[in-house]
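K.L.:
I need the structure of the sequence given here:
(3 chains)
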Amino acid sequence: MLELFLGILTAMGGFVEIGELTFAVNAGSKFGYGLLWVAAVGTIGIIVYGEMAGRVAAVRGQPVFNLIRERVGFDAGLVTLVAAVAVNVLTCAAEIGAIALVWQLFVDWPYRAWVAVAFVFLALAVWVLPFQWIERVFGLGGLLLVVFLAVAVMEAPDLAEVGAAFMPRMPALESTQEYLLYAYYSVALLSSIMLPYEVYFYSSGAVEDRWKPADVRRNRLIVVLGFVLGSLLCVALIIVGSQFFGPRHVEPQLPGVVATSAAAHFGVAGLLIAIGGMFFAFAGAAIETALSAAYGIAQFFGWPWGRFRPPREASRFTITWLAVFALATAVILTGVDPVSVVEYSIVFSVVILPLTYLPLLLVAGDRRIMGEYANGPIARALGWLYMGIVTVAALAAIPLLILTHGGQG
Amino acid sequence: MSGASRTRSRSAGIDRSIHLVRDVVDHEVVDAHQLPCGSVDDLELELDPRDGLRPVALLIGPGAWQRRLPSWLAVIARWIAGSAEARVPWSEIAYIGERVALRRTAEELGLGSADRRLGRWIARIPGG
Amino acid sequence: MRWHAARWVRWLQVAVGLSIVGALGFATFVAVTGKPQSTLYITLGELRTRAAESLEIARGSAASRLTPNFVRAQAAQLASRIASLRDALADAETHDGVADARTARPLSERLLALTRELAERADTPSAARPIERELGAIVERLVPLARSARPG
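P.N.:
Down below sits the predicted model:
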């Protein structure tokens, strides 16, 4: 029972990372409540695919990238793998940069020094901590972001207006350019909620935690409750963007600026809680992206993998996640703005999303493999509906990125 | 192996072979201790006058999967991953389920040597 | 089943590749043939929000609800971004001579100076009050400027 509770809270705390944080607050600041329905659509999507990934891992003992290779073959699978790893490295780089930005707010060292410290910290954390501790510490630490739920409440939003905004609709905007920007934000926000590394990590984690078919119901509860609660954080950030930052003409690009909303209502305590929550969320995301990349490569090539094995027994896997951290650190040390990096990584994530989800959907629905645990009518209908949605988003993403001058207007 | 997945063809021997190709290639290989030791990157087939194509051995390693890539990509892959290849005779298979399980350990069959070599280095680091 | 999956994924990869190529081609076409669309409005919009963010930091500092180190570090992070915006505006002023750029550049200079001052005097919250007032004035000038520069 405690396990279930912790699992739900961990899923909730791990929902937000620098990309989702930035896009949600900016979405609120630019478009008010206009993108709340996208947050809802994205949340249902990640629940559908998270549940499938967990169920397949519990029943087959196979995480996602094993399935991709089996189902799709070597060449097409290799393209997916390379794309997924590249996107994961980019996202990891952005999170590391964001961690450095956040730590700078506490102690005034140069940014690059903090980046190096972040690398050492993350590598040590994964090396030393057992898998469950990694999940729990950073997942539960991310719950500090609940302070933004409190901020959203304090901003006293009109609940009827908020509720109405969950119905999909297009707001009335002033120009074509603004409609394009709205479309771009829809795709980006959707992507930031349905980031593929979350599904890879969750499915591998299920195997790390040794889930069995009996865990299928627990999987469903964790995914539904954890992600719904997590989406509340996302909704809260949109509301904060709309009610706090919008009237102040702020479209934040720096995590510290977002934290000023907590300071405005709760003083220094609010500020510290917000920054603390951001640190755990970003660090958790950096770890998850690096491990996801390593899981993907190891699983695709059939290497021994997993933190449940001591590093010397899964040596190539270990070198891989260390290399991902190192590569991500190198990328961010070039001085490129972490928020720009994450923006690109989110757009490229949605582009590869259908490539990852299709094999998962096919395997989860295959009665020959899953037996009685294959997709029921709801999972099948939602799975295919979202396959359509993410395909449209994937095709539109890069054109929209270009047409909106890199998402800036 | 259900009848529904069998493709139309003339001889039962070829039927059986195609089945195996689909259910074996690109599947994970585990040894006697349930340790992953690669994927089935390629198959060695033999043409038997009576049964048609018969699988004779599993081919595992970069050398095997590089052959499945377009040539320019194979060159890059060889530069990154080398071209080692291990040949596992069909008789070494214990059973074929979701994974291909082998009778003996990876070490005995010459699989996963890169992992073992690296592992010796990593074991020197505290916590490895 | 498996070969269907391989084929669909390959089609998806091709489709995505085409959409990227198509978008790049379209963007190049527009850039080459059409009137070059000014992206000054983006720079002005960013300047406006950075000014508003500096204002928020100043407000927080004056009200003592931000730690001195936070004020110092955040103002410094903002200052480096404002500096690049200032450079971009100086560029636009000399090359395109656009009126909006000419108006905005001195504002960006003042904004940069104020933000740096905010960082330097982070330990004395009372010093933030006059900075806050002047930042407020700058924001009030930048908001309509950024809005009018937007296309459509």
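K.L.:
How is chain C divided into domains?
P.N.:
C:1-36, C:40-149 (automatic domain parsing).
K.L.:
Just the buried residues of the shortest one, please?
P.N.:
Neighbour counts using 16 or more other Cβ atoms under 10 Å in any protein chain shown place C:Arg2, C:Ala5, C:Ala6, C:Trp8, C:Val9, C:Arg10, C:Leu12, C:Gln13, C:Val16, C:Ser19, C:Ile20, C:Ala23 of domain C:1-36 among the buried residues. All C-beta atoms are positioned from the backbone trio N, CA, C, and that covers glycine.
K.L.:
Which members of the residues you listed additionally contact chain A?
P.N.:
On the criterion Cβ under 8 Å from any Cβ of the partner chain, C:Arg2, C:Ala5, C:Ala6, C:Trp8, C:Val9, C:Arg10, C:Leu12, C:Gln13, C:Val16, C:Ser19, C:Ile20, C:Ala23 are the entries of those that sit beside chain A.
K.L.:
Do the helix or strand in which A:Ala100 is found and chain B come into contact?
P.N.:
Here A:Ala100 sits within helix A:74-104, counting by DSSP states H and E. Yes - interface with chain B: helix A:74-104 contributes A:Phe74, A:Asp75, A:Gly77, A:Leu78 (Cβ under 8 Å from any Cβ).
K.L.:
Can you give the distance of the worst-scoring helix or strand of chain A on mean pLDDT from its chain's centre?
P.N.:
Lowest on mean pLDDT, DSSP states H and E among the helices and strands of chain A sits helix A:64-72, with a mean of 82. Centroid separation for helix A:64-72 versus its chain: 22 Å, with Cα atoms, centre = their mean, to the nearest Å.
K.L.:
who touches it?
P.N.:
A:53, A:56, A:77, A:80-81, A:199-200, A:203-204, A:295-297, A:299-300, A:356, A:358-360, A:362-363, B:26-28, B:39, C:1-2, C:5-6, C:9 (Cβ atoms under 8 Å, 6 or more residues apart in numbering or on different chains).
K.L.:
Looking at those, which are in strands?
P.N.:
B:Glu28, B:Ser39 (DSSP state E).
K.L.:
Just the buried ones from the contacts of helix A:64-72, in ChimeraX syntax?
P.N.:
The ChimeraX command for the buried members of the contacts of helix A:64-72 (criterion: 16+ other Cβ under 10 Å) is given here:
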select /A:53,56,77,80,81,199,200,203,204,295,296,297,299,300,356,358,359,360,362,363 /B:26,27,28,39 /C:2,5,6,9
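K.L.:
So which bits of the helix or strand hosting C:Val143 are buried?
P.N.:
Assessed by DSSP H and E, C:Val143 sits inside helix C:128-149. Residues C:Ala128, C:Ile131, C:Glu132, C:Glu134, C:Leu135, C:Ile138, C:Val139, C:Leu142, C:Val143, C:Leu145, C:Ala146, C:Ala149 are the ones in helix C:128-149 that count as buried (16+ other Cβ under 10 Å).
K.L.:
List, one by one, the residues from chain A near chain B.
P.N.:
So far as Cβ under 8 Å from any Cβ goes, chain A lies against chain B at A:60-62, A:66, A:69-70, A:73-75, A:77-78, A:127-128, A:300-305, A:310-316, A:318-319, A:368-369.
K.L.:
so B:Gly110 makes contact with B:Ala86?
P.N.:
Yes - counting by Cβ atoms under 8 Å, B:Ala86 is a contact partner of B:Gly110 at 5.2 Å.
K.L.:
So those two - more neighbours on which side?
P.N.:
When neighbours are counted by other Cβ atoms under 10 Å in any protein chain shown, B:Gly110 and B:Ala86 differ, and B:Ala86 comes out ahead with 21 against 14.
K.L.:
Before I go, just wanted to say thanks for your time.
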